[in-house]
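**Q** what shape does this take:
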Amino acid sequence: MGDSEKNFSYLDMLASTGYARHIGGKAATDVLVEKAKIGPDFKVLDVGCGIGKTSCRLAADHGCTVTGIDIMPQMVEKSSALAKRLRLDGKVTFRQGDARELPFEDNSFDAVFVESVTIFVEDVPKAISEYRRVVKPGGIVCDNEVCITRASHEKLKDDINDLEAIFSAFSSKTSQGYLTYDDWKETFEKQFPTVEATHYVADPQVEMEAKKADGMGTFVTSTLKTMWLYATNPEAKRIIDTTQKMYKYVGHFGYGLFVCRK
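**A** Got it, this is the predicted structure:
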């Protein structure tokens with residue numbers, strides 16, 4: 001195995017397949033958008049914008065101005081291409097950036113959206129402090145993160161090695177280990193005066209149907225690219241095999257939605 005394959009991560013896999021979809025999909029985003037009360041005069045930051053779907057949707061549906069950043073240059077290219085294709089490039093801009101060091105002035109945005117991104121950052125409190133720094137006083141930070149509850153963690157304590165392997169394969173083992181829903185909530189509460197948090201259990205069938213709803217062309221293309229990676233890249237195969245273990249824990253794996261007011 002070459003060095004490039006050894007260093008291949010879950011994020012590289014997303015960039016290679018050209019498909020980045022957060023858990024909960026559009027339904028989870030809808031909840032956050034409703035909580036944020038996005039208006040046409042809003043300036044919104046989309047951290048870890050992926051292929052730009054949420055950024056473009058916010059601009060198209062609500063008339064707001066959106067800035068998307070992503071640490072992967074391939075995602076910035078794909079996001080920019082999507083905005084141009086949808087004729088939103090006047091309302092949406094994209095640039096490369098790190099959640100731990102956001103390249104913006106203090107109090108720059110009315111709302112910050114983060115969807116399955118903070119879990120990939122080693123220093124979670126640092127990233128959250130950056131979200132808080134760049135959002136305006138009275139502004140809102142909306143975050144969706146994959147997690148299990150502390151109660152589930154206790155029930156599954158005999159499977160701790162499996163759980164750690166799954167989160168590590170997703171490139172989501174932080175410096176604090178992997179975080180339960182309760183850990184995430186407490187981490188946000190340390191930095192924001194008001195935090196509204198809700199946990200949802202993921203349904204694999206609903207998640208699959210949501211993927212198909214994104215368009216069969218996109219679904220089939222990304223599936224074929226994933227199959228090719230599985231057959232040709234040993235590290236991609238390891239990541240896929242390990243992450244599939246999460247289906248052993250249906251009823252436990254899910255996501256937390258955290259709505260934080262500065």
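
**Q** pull the CA atoms of stretch 94-102 into PDB?
**A** C-alpha atoms of stretch 94-102 as PDB (Å, rounded to 0.1, in the frame of the first residue of the first chain):
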ATOM      1  CA  PHE A  94     -17.000  29.500  -1.500                       C
ATOM      2  CA  ARG A  95     -13.500  29.300  -0.200                       C
ATOM      3  CA  GLN A  96     -11.100  26.900   1.500                       C
ATOM      4  CA  GLY A  97     -10.900  27.200   5.200                       C
ATOM      5  CA  ASP A  98     -10.400  25.300   8.500                       C
ATOM      6  CA  ALA A  99     -13.200  25.300  11.200                       C
ATOM      7  CA  ARG A 100     -10.500  25.800  13.900                       C
ATOM      8  CA  GLU A 101      -9.300  29.100  12.300                       C
ATOM      9  CA  LEU A 102     -12.200  30.700  10.400                       C
END
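
**Q** can you name the residues in contact with that stretch?
**A** Under the criterion CB atoms under 8 Å, 6 or more residues apart in numbering, residues 45, 47-49, 52, 55, 67-73, 76, 79-80, 83, 103, 114, 117-118, 121, 123, 126-127, 130-131, 133-134 lie in contact with stretch 94-102. Every residue, glycine included, has its C-beta placed from N, CA and C.

**Q** and the residues you listed, which are buried?
**A** 45, 47-49, 52, 55, 67-72, 76, 79-80, 83, 114, 117-118, 121, 127, 130-131, 133-134 (16 or more other CB atoms under 10 Å).

**Q** among the residues you listed, which ones are in helices?
**A** By the criterion of DSSP state H, membership of the buried ones among the contacts of stretch 94-102 in helices covers 55, 76, 79, 80, 83, 127, 130, 131, 133, 134.

**Q** does the first one touch residue 80 like I think?
**A** No. Between residue 55 and residue 80 there is no contact under CB atoms under 8 Å: 10.2 Å.

**Q** that older thread, just put the ones in helices among the buried ones among the contacts of stretch 94-102 in TSV and tack on pLDDT and distance to residue 185.
**A** TSV is the format used below for these (pLDDT from 0 to 100; distance: CB to CB, whole Å):
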residue	pLDDT	distance to residue 185
55	96	26
76	94	31
79	93	30
80	95	35
83	95	33
127	96	16
130	98	19
131	98	15
133	98	20
134	98	22
